[in-house]
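Participant: Generate a structure from the sequence data that follows.
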Amino acid sequence: MYWYFYLLIGVMLFSLLAQFLVRSRFSRYDQIHARSGYTGAQAARRVLDENGLAAISVERVSGTLSDHFSPREGVLRLSDSTYDSSSVSALGVSMHEVGHALQLRDRYPLNQFRSSLVPVANIGSMFGPYIALIGFFIPGNSGQTLINVGIMLFAAAVLFYIVTLPVEFNASRRALQMLGRTGILAPDEIPYARKVLSAAGLTYVAATSAAIINLLRLIMMSRSRRR
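Facilitator: Numbering: from 1, shown residues only. Got it, this is the predicted structure:
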């Protein structure tokens with residue numbers, strides 16, 4: 001099982017690096033303001049309206065980097081650090097969330113699949129590992145059944161993490177395309193936004209890697225128990 005600890009340490013270091021890059025790049029390019037003068041909220045409103053999504057409202061939410069799109073409510077929420085800011089960082093983050101709204105409009109297959117996984121993924125993430133661990137303390141087939149159920153539930157959560165990666169990368173690609181096509185960012189400003197969004201993407205890679213490692217650990221423990 002030593003491999004697990006080495007991998008886990010590696011993922012933890014990678015996660016810390018990803019978080020550092022996100023905050024450092026956001027902070028750096030938050031000091032560079034777009035020449036267009038658009039704020040995050042104004043840019044989001046314009047692009048949503050131009051793409052037939054006027055029904056989606058743009059609201060402010062407290063916090064930093066707490067931006068998100070709620071398809072169920074039809075609301076795009078931008079954090080204080082994004083809503084009124086005209087920085088390259090704010091515009092990149094704002095357009096990333098608009099990218100998710102466009103995925104919903106276009107019925108982007110992976111986004112729909114991810115949405116269908118949400119209920120079981122939430123249950124699997126919260127309870128799957130605990131159910132499996134309880135099973136390890138129960139002898140015989142009853143314990144193994146609990147282990148298998150826990151592993152399957154957690155596997156659904158891991159699948160959600162895996163599917164999230166291309167969904168997030170696609171939203172970032174859409175964001176960069178919209179920023180360039182609309183002129184909200186000038187051509188020489190686009191690479192800065194790309195750096196911010198690329199760093200944000202690494203956090204999803206780190207979270208997915210950690211989930212996969214934990215799933216493999218449960219599977220290996222289950223196999224050892226049956227020997």
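
Participant: residue contacts, the residue lying closest to Leu216 once chain neighbours are set aside?
Facilitator: Counting by CB to CB, 6 or more residues apart in numbering, Tyr4 is the residue found nearest to Leu216 once chain neighbours are left out, at 7.5 Å. C-beta coordinates here come from the backbone N, C-alpha and C atoms, glycine included. With contacts defined as CB atoms under 8 Å, 6 or more residues apart in numbering, the neighbours of Tyr4 are Ile213, Leu216, Arg217, Met220.

Participant: Which of these fall in strands?
Facilitator: Residues of those located in strands (DSSP state E): none.

Participant: How much space separates the most centrally placed residue in the chain from Ala132?
Facilitator: Computing the C-alpha centroid of the chain and ranking residues by CA atoms, centre = their mean puts Tyr204 first, at 5.3 Å. From Tyr204 over to Ala132 the distance is 24 Å, taken as CB to CB, to the nearest Å.

Participant: Could you point out the longest helix of the chain?
Facilitator: helix 140-182 (DSSP state H).

Participant: What is that one packed up against?
Facilitator: helix 40-50, helix 88-106, helix 109-136, helix 190-226 (3 or more CB pairs under 8 Å, 6 or more residues apart in numbering; DSSP states H and E).

Participant: Please identify the most buried of those.
Facilitator: Across the helices and strands packed on helix 140-182, averaging neighbours per residue (mean count of other CB atoms under 10 Å) puts helix 88-106 on top, at a mean of 24.

Participant: average model confidence for stretch 96-111?
Facilitator: Mean pLDDT, computed over stretch 96-111, is 97.

Participant: any residues touching that stretch, and which ones?
Facilitator: 43-44, 47-48, 51-53, 56, 67-69, 71, 76-78, 163, 166-167, 170-175, 178, 197, 200.
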